[in-house]
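S.K.: Give the three-dimensional model of this entry:
(one chain, ligands or ions: 1)
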Amino acid sequence: MSDDAVMPTARAARTTATAPTTSTARTPADGGRDRADGGRDPDVVVVGGGMAGLVTAYELTRRGRRVHLLEAAADVGGLVAGAELGGTVVDLGAEAFALRRPAVAALAAELGLAVQQPAAGSWLWAAGYATPVPARSLLGIPADPGAPDVVRALGPAGAARAARDADLGPDVGADAADLATLVAARMGPAVLDRLVAPVAGGIHSADPAALAVDAVAPGLRRALRDRGSLAAAVAALLDAAPPGAPVATVVGGCTACRRPWPPRCAEPAAGSAPARR
Ligand SMILES: Cc1cc2nc3c(=O)[nH]c(=O)nc-3n(C[C@H](O)[C@H](O)[C@H](O)COP(=O)(O)OP(=O)(O)OC[C@H]3O[C@@H](n4cnc5c(N)ncnc54)[C@H](O)[C@@H]3O)c2cc1C
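M.R.: The predicted structure is shown next:
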């Protein structure tokens, strides 16, 4: 899932031809058939009721396909999960979606979900301590290695190494296919380990070494060549982004729509359906 991609699950689940709960998920012992729908075979079987599977099933259903969604766990949502802590429901996995691209916000609107932008910034936990995510950063890559919030996160030595990015030629790291190689080559291990790994890793559930730069930060390598440093490239992309908060979340949390089951999400306004594509 892209950094755009966290979105509430329940409406999507409900709009599949067979609701993807454990009561409709079928095992090989069942012969893979769902008798609850009158015995009609599906056009498509989607395996996995995380975001990817739910969105796939939702889109197929919108196109008139008969979809069965199989989920091995007790509930849909996958890594979009929540729990009650001290009487408050909190997100345990994804808790926000990026606004850099409009797809998720558009889908939330289509599904009738209320969204809001966070009032406070994000913090990260790395190397045994907590620190705010630098305000001017992209996937944890700072736009200014000398900014106080960056120095706080990296320490003076780490920040000094990151600042050497400005002295390297634009070709250093420009051919790096993965995020870890690019960041380490330009800004050193402290930026990679203390900022990029927790931020990018948290968003994409993957090690930066497994993240393709062009997929998670489109335009970053081109900006590096154009601007001459990674920090300047990040600054350029941030400056080109829409104004306002970079992320939004669902009111009540990303799993709010699933409580109670069956979900009680607002129906899309009559006649307002599928206008996204
Ligand atoms: C702590 C944390 C915080 C995150 N924060 C953010 C965030 O703020 N913003 C953001 O954009 N992203 C965030 N992410 C990443 C995001 O949550 C995931 O990228 C996304 O939810 C993955 O969706 P998915 O459908 O690809 O996979 P999953 O969510 O892993 O779903 C896969 C589903 O398939 C099911 N399944 C697997 N095998 C089978 C099988 N054989 N048969 C049937 N079912 C099967 C699983 O049970 C699961 O439900 C975060 C991730 C984590 C872990």
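
S.K.: Compute the number of surrounding residues for residue 243.
M.R.: A count of neighbours around residue 243, defined by other CB atoms under 10 Å, yields 4. C-betas here are computed from N, CA, C, even on glycine.

S.K.: Could you do residue 197 as well?
M.R.: By other CB under 10 Å, the residues close to residue 197 number 22.

S.K.: so which strand or helix has it?
M.R.: Secondary structure assigned from DSSP states H and E places residue 197 in helix 197-204.

S.K.: Residues in contact with that helix: which ones?
M.R.: Outside of helix 197-204, the residues that reach it under the criterion CB atoms under 8 Å, 6 or more residues apart in numbering are 1-3, 98, 124-126, 133, 137, 139-140, 179-180, 206-208, 211, 216.

S.K.: Residue of the stretch 51-200 of the chain closest to the ligand, please.
M.R.: The nearest approach of the stretch 51-200 of the chain to the ligand comes at residue 78, 2.1 Å away (CB to the nearest ligand atom).

S.K.: distance of that residue from residue 250?
M.R.: Per CB to CB, to the nearest Å, residue 78 is found 16 Å from residue 250.

S.K.: More neighbours: these two, which one.
M.R.: Under the criterion of other CB under 10 Å, the comparison of residue 78 against residue 250 puts residue 250 first, with 25 against 20.

S.K.: Can you pull the residues of the stretch 151-277 of the chain lying near the ligand?
M.R.: 202, 203, 205 (CB under 6 Å from any ligand atom).

S.K.: Filter those residues down to just the buried residues.
M.R.: Among these, the ones that count as buried by 16 or more other CB atoms under 10 Å are 202, 203.

S.K.: before we move on, the earlier item: in strands, which of the contacts of helix 197-204 appear?
M.R.: Secondary structure from DSSP state E places 98, 124, 125, 126, 137 of the contacts of helix 197-204 in strands.

S.K.: Kindly indicate the member of those with the most neighbours.
M.R.: residue 137 (24 neighbours).

S.K.: okay but it is in contact with residue 235, surely?
M.R.: No - contact status for residue 137 versus residue 235: not in contact, 9.9 Å apart, counting by CB atoms under 8 Å.

S.K.: which residues are common contacts for those two?
M.R.: Shared contacts of residue 137 and residue 235, counting by CB under 8 Å, 6+ apart, come down to residue 143.

S.K.: chain center to stretch 167-185, what's the gap?
M.R.: With CA atoms, centre = their mean, to the nearest Å as the basis, the distance from the averaged C-alpha position of stretch 167-185 to the chain average is 24 Å.

S.K.: likewise stretch 121-136?
M.R.: 18 Å.

S.K.: in that stretch, what's buried?
M.R.: So for stretch 121-136, counting by 16+ other CB under 10 Å, buried means 124, 126, 131, 133, 134, 136.

S.K.: try stretch 53-63
M.R.: By neighbour count, with 16+ other CB under 10 Å as the criterion, the buried positions of stretch 53-63 are 53, 54, 55, 56, 57, 58, 59, 60, 61.

S.K.: Kindly report the same for stretch 162-175.
M.R.: 162, 163, 165, 168, 170, 172, 173, 174.

S.K.: With stretch 210-225 instead?
M.R.: By neighbour count on 16+ other CB under 10 Å, the buried set for stretch 210-225 is 211, 213, 216, 217, 220, 221, 223, 224.

S.K.: Name all residues that make contact with the fifth one.
M.R.: Taking CB under 8 Å, 6+ apart as the criterion, residue 220 is in contact with 138, 182, 213, 214, 230, 233, 234, 237.

S.K.: Let me have these in CSV, extended by secondary structure.
M.R.: Formatted as CSV, the entries for the contacts of residue 220 read as follows, by DSSP: H, G, I helix; E, B strand; the rest coil:
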residue, secondary structure
138, strand
182, helix
213, helix
214, helix
230, helix
233, helix
234, helix
237, helix
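
S.K.: Could you pick out the buried ones from those?
M.R.: With neighbours counted using 16+ other CB under 10 Å, the contacts of residue 220 contain these buried positions: 138, 182, 213, 230, 233, 234, 237.
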